[in-house]
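1. I would like the atomic coordinates for the input below:
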Amino acid sequence: MEKVFVSGGSGYIALHCISKLINKGFFVKTSLRSMNRKDEVIKALSKVVDCTDKIEFCELDLTKDEGWDDSIKGCDYVLHVASPLMLGFPKNPDDIILPAVNGLKRCIASAVKNKVKRFVMTSSFAAIGSGSKTKTTFDDNDWTDLDNPDLNPYNISKTKAEMALWDYIQSLDEDQKIEVCTINPTVVIGPSLSHDVGGSNLAISKLLDGSMPFSAQFGIDLVDVQDVADMHIEAMLNKDAAGKRFLLSSKTIWYSDLAKFLRKNNFLKAPKYSAPNFLIRLFSLFDKEVRLVTDRLGIKYDLKPNNAINILKWKPRNIDNAIIETAGQLYDLRKVK
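-> Prediction:
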């Protein structure tokens, strides 16, 4: 039985990856920041898969060197999913940038040392096209411009962490190199296996929790968490995926249309009306989460996930189902009332 190391095992995307790996017959070793969350992870996974004798845990920290080499030893593949999560703006941008970059460096160095078959990093569209106001069409080959003064710390952290991966591999002698690739999803939505509904589901919860009396006119790019997990595993196994980046986006819609879609499906707390851009900018002064989208006001991207479609043979799920299921779970878990 082949063994896969998955970092950040309690996370929203990681749990879906782990459940699918076990279903496909892999043994999983996963890291947690605290072993106190082990039972929580097993409970979440047990909703969809029998994980008895098919998973083991280790305690690791993105900010510390200890344990990485031993944890990855004996593993055939690595999915590096762990990443610091940012809601709003940290007082010090390095609080999110440094753990993302240095955690990646620790994980890839240990993967190289242990000569794993392939290393798959969970990157983000944030590393492809964040903050652009002029360019609106993006594919797998594009990179976020780090000189853009409008980038928030999350955009910078994802971009620098992925750059660190490619730079590290490029710096190695040919006989040291291992195969790597990245998954670059847009806003990931869909039901969670745990009570942690994922930071990106905030896009839906903000429309339902009453904190926004109106929606906004900006494009939001969505992808189903099930697709994201599937593509991690396909990228891990597909011989042609090595050295590639995989942008994942199923659908781009106006945020105001997302609110209308929710209302149409009886989520009546979603705002009826969309506010003008100047009012959203004013509102963002008092809501740090709204501030994250001000660079997208009035802009709708055209995203082309060519590598996922052509190499991984991706056929995206209907994102409308994920929207409805996510909204329903937010109510079930009392994340919104």
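
2. Report the buried residues of the lowest-mean-pLDDT helix or strand in the chain.
-> When each helix and strand of the chain is scored by mean pLDDT, DSSP states H and E, helix 277-284 comes last, with a mean of 86. If you call a residue buried by 16 or more other C-beta atoms under 10 Å, then helix 277-284 has these buried ones: 280, 283-284. For glycine as for every other residue, the C-beta is placed from the backbone atoms N, C-alpha and C.

3. same check, this time on stretch 33-49
-> For stretch 33-49, by 16+ other C-beta under 10 Å, it's 33, 37-38, 41, 44-45, 49.

4. the strands in the stretch 51-200 of the chain, which residues?
-> 55-59, 77-80, 118-122, 137-139, 179-185, 187-189 (DSSP state E, counting those that start in this stretch).

5. Can you add mean pLDDT and give those back as a markdown table?
-> Below are these laid out as a markdown table (pLDDT from 0 to 100):
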| stretch | mean pLDDT |
| --- | --- |
| strand 55-59 | 98 |
| strand 77-80 | 98 |
| strand 118-122 | 98 |
| strand 137-139 | 98 |
| strand 179-185 | 98 |
| strand 187-189 | 96 |
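
6. nearest to Ala242, of the ones you listed?
-> Of all these, it is strand 179-185 that lies closest to Ala242, at 3.8 Å by C-beta to C-beta.

7. List the strands paired with the closest one, with their directions.
-> Partners of strand 179-185 in the sheet, by DSSP bridges, are strand 118-122 (parallel), strand 245-248 (parallel).

8. who's in contact with the least confident helix or strand of the chain?
-> The list of residues contacting helix 277-284 from outside it, by C-beta atoms under 8 Å, 6 or more residues apart in numbering, reads 212, 214, 216-217, 275, 290-291, 293-294, 297-298.

9. avg pLDDT for the helix or strand following that helix?
-> As assigned by DSSP states H and E, the chain's next helix or strand after helix 277-284 is strand 302-304. Throughout strand 302-304, pLDDT has a mean value of 97.

10. List the buried residues for the next helix or strand after strand 302-304?
-> Remark: after strand 302-304, the chain's next helix or strand is helix 306-310, criterion DSSP H and E. Going by neighbour count (16+ other C-beta under 10 Å), the buried part of helix 306-310 is 307-308.

11. For helix 306-310, name the packing helices and strands.
-> Helices and strands touching helix 306-310, as assessed by 3 or more C-beta pairs under 8 Å, 6 or more residues apart in numbering; DSSP states H and E, comprise strand 245-248.

12. picking up where we left off before, would you tell me which one of the buried residues of stretch 33-49 comes nearest to Asn184?
-> Arg33 (24.2 Å).

13. could I get the strands paired with strand 179-185 as CSV with distance to Asn201 and mean neighbour count?
-> Formatted as CSV, these follow (distance: least, C-beta to C-beta, whole Å; neighbours: other C-beta atoms under 10 Å):
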stretch, distance to Asn201, mean neighbour count
strand 118-122, 16, 26
strand 245-248, 16, 27
